[in-house]
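In: please find the sequence and the predicted model below.
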Amino acid sequence: MIFMMYEGSVRDVGKLLSMLSSLLNLKVVGLKYVNKSFTYGELGSIEELPLSVEDVQAPSSYKLVEEGASARFRHSFPSLKYFLYPPAQEVLYIDKDFGLREAKVDYGNIALFGIKPCDLYSMRVLDGILMNRDPYYTSARSSVKVVVVEECVKPSNVCFCGSVGTGPGVSSGFDVAFARLSNGVVVFKSGSSIGADLLKRLNVKKAGDRTVAEYGEAMGEALKSTKVLPELNALTNALEKSINNVELWNKVSKKCVACSNCNMVCPTCFCTEFFDEAELDGSARRLKKWHGCLSYSYGLVAGGHFRPKLYMRYRHFILHKFLFYPRQVGLIGCVGCGRCITWCPLGVDIRETLWEVFKSVG
């Protein structure tokens, strides 16, 4: 798809945010950086976006550096899933007189702002699993009317989105995308008629040949830096062959301690459990909470345990992303964001696992 490109500045990004609220009457939601912490919530101004900090990531390591205008932020542990499919969600309330109240999700009409291409892709994956199946996700997702994406000009050391086709640029499923180049110029492109109208109203000028070339070069380098895995079809074939190789999976999972951090930060993991909590006043509520396939309790059922060994659970985590998701929804379940690498306390690197499997049986 050929996009019409425009060029402006960070100030125009702020104007776009304001337009979504004032012109389209939408609640603008994004990853907020407030008091050096992150949360998904309503954005009141561009100052709440993490545009002046850079995240330095490595296996089991995350830190923020104040870099000003040269900063290139990718993401923190909260993914878009934190907003659309929260870690804990009340689904039923029972008062002391046994009256029932079913929980409702009503976000109103919202615009997602500044989300990354990998998280945009994760929303597609969750749509395939949960849309019209989970009423709470369906309601939250249906509230999204406009999507504004920030493309990653400078991916982090743990990003491998190029290997799985989820970034660092974006080509569909968005209304407006913007990319901040190193010279301070911001390149905008529209992905829908709504986006085209917004950019027309923003009054940014058509991008010149030099800007288009700089954008293409920057995105090309970003893509190159994130293509770090074997070719995808060859990799999935290797994973298929590896399923019964117990020795291999014991080897690649030896550092894992089954803490489920990877499940919690993964933008496409969707498993949940239900908990009933009783209060002293006689009321009670039922909560839906995230659960992770790496934890021991996940496979524990009344009749025993269907994945008692750690290697089985680690193998399932990997195979679900690359083999089972495509069979469920037709999409790879890993978005290449690298969160599981960064937030693993032991520094287990999924890229190393995939290469080890590929070299062993590919």
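Out: Everything's here; your move. Values in this document were obtained by computation on a predicted structure and should not be read as measured data. Numbering: from 1, shown residues only.
In: alpha carbons only for contacts and neighbour counts from here, please
Out: OK.
In: show me the domain layout of this structure.
Out: The chain breaks down into these domains under automatic domain parsing: 5-225, 232-361.
In: from residue 189, how far out is the residue lying closest to residue 16 once chain neighbours are set aside?
Out: Distances taken as Cα to Cα, 6 or more residues apart in numbering place residue 202 nearest to residue 16, at 6.7 Å, with adjacent residues excluded. Remark: distance between residue 202 and residue 189 (Cα to Cα, to the nearest Å) = 12 Å.
In: show me which of those two is the more surrounded one.
Out: A count of neighbours by other Cα atoms under 10 Å puts residue 189 above the other of residue 202 and residue 189, at 25 against 15.
In: helix, strand or coil: sort out that one for me.
Out: Here residue 189 takes the strand state, with states given by DSSP: H, G, I helix; E, B strand; the rest coil.
In: for residue 293, same thing?
Out: Residue 293 - assigned by three-state DSSP - is coil.
In: my guess is it meets residue 264, correct?
Out: No - judged on Cα atoms under 8 Å, residue 293 makes no contact with residue 264 at a distance of 10.1 Å.
In: and the residue nearest to residue 16, how close does it get to residue 25?
Out: Residue 202 sits 16 Å away from residue 25, taking Cα to Cα as the criterion.
In: kindly report the same for residue 292.
Out: Applying Cα to Cα, the value for residue 292 to residue 25 is 38 Å.
In: please apply the same query to residue 164.
Out: According to Cα to Cα, residue 164 stands 36 Å off from residue 25.
In: more neighbours: which of the two?
Out: Neighbours were counted for residue 164 and for residue 25 using other Cα under 10 Å; residue 164 has more, 23 against 13.
In: that one: what's it in contact with?
Out: Residues in contact with residue 164 (Cα atoms under 8 Å, 6 or more residues apart in numbering) are 232, 332, 334-336.
In: again, but for residue 114
Out: Per Cα under 8 Å, 6+ apart, neighbours of residue 114: 30-31, 49, 148-150.
In: which one of these is nearest residue 37?
Out: Closest approach to residue 37 among the contacts of residue 114 (Cα to Cα): residue 31, at 9.9 Å.
In: next SSE after the helix or strand of the chain with the lowest mean pLDDT?
Out: Lowest by mean pLDDT, DSSP states H and E among the helices and strands of the chain is strand 300-301, with a mean of 86. Sequence order places strand 304-305 as the next helix or strand after strand 300-301, per DSSP states H and E.
In: could you list every helix and strand in contact with the following helix or strand past that next one?
Out: Per DSSP H and E, the first helix or strand lying C-terminal to strand 304-305 is helix 310-319. Applying 3 or more Cα pairs under 8 Å, 6 or more residues apart in numbering; DSSP states H and E, we find helix 310-319 packed against helix 246-252.
In: helices and strands around the helix it packs on, which ones?
Out: The contact analysis (3+ Cα pairs under 8 Å, 6+ apart) places helix 246-252 against helix 310-319, helix 350-361.
In: for it, C-alpha coordinates in PDB please.
Out: Output of helix 246-252 as PDB, limited to C-alpha atoms (Å, rounded to 0.1, in the frame of the first residue of the first chain):
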ATOM      1  CA  VAL A 246      12.400 -33.900  25.700                       C
ATOM      2  CA  GLU A 247      16.200 -33.500  26.000                       C
ATOM      3  CA  LEU A 248      16.100 -30.400  23.900                       C
ATOM      4  CA  TRP A 249      13.300 -28.800  25.800                       C
ATOM      5  CA  ASN A 250      14.900 -29.600  29.100                       C
ATOM      6  CA  LYS A 251      18.000 -27.900  27.900                       C
ATOM      7  CA  VAL A 252      16.400 -24.700  26.700                       C
END
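In: in that helix, what's buried?
Out: For helix 246-252, the neighbour count (16 or more other Cα atoms under 10 Å) marks 248-250, 252 as buried.
In: can you point me to the longest helix in this protein?
Out: Counting residues, the longest helix found in the chain (DSSP state H) is helix 209-226.
In: all helices of this structure, in order?
Out: Listed in chain order, the helices of the chain (DSSP H) span residues 10-22, 81-84, 117-130, 135-142, 161-164, 193-202, 209-226, 232-242, 246-252, 261-265, 310-319, 325-329, 339-342, 350-361.
In: mean pLDDT lowest where, among those helices?
Out: By mean pLDDT, the lowest-scoring of the helices of the chain turns out to be helix 325-329, with a mean of 93.
In: how far off centre is it?
Out: Centroid separation for helix 325-329 versus its chain: 18 Å, with Cα atoms, centre = their mean, to the nearest Å.
In: then that helix to PDB, C-alphas only?
Out: Once non-C-alpha atoms are left out, helix 325-329 reads as follows in PDB (Å, rounded to 0.1, in the frame of the first residue of the first chain):
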ATOM      1  CA  TYR A 325      -2.100 -19.300  17.600                       C
ATOM      2  CA  PRO A 326      -1.800 -19.600  13.800                       C
ATOM      3  CA  ARG A 327      -4.200 -22.600  13.900                       C
ATOM      4  CA  GLN A 328      -6.600 -20.700  16.200                       C
ATOM      5  CA  VAL A 329      -6.700 -17.200  14.600                       C
END
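In: list the buried residues of it.
Out: Neighbour-count burial for helix 325-329, counted by 16+ other Cα under 10 Å, picks out residue 325.
In: take the helices of the chain and lay them out in CSV including distance to residue 38.
Out: Below are these laid out as CSV (distance: least, Cα to Cα, whole Å):
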stretch, distance to residue 38
helix 10-22, 19
helix 81-84, 11
helix 117-130, 15
helix 135-142, 20
helix 161-164, 22
helix 193-202, 27
helix 209-226, 25
helix 232-242, 33
helix 246-252, 32
helix 261-265, 13
helix 310-319, 26
helix 325-329, 29
helix 339-342, 15
helix 350-361, 25
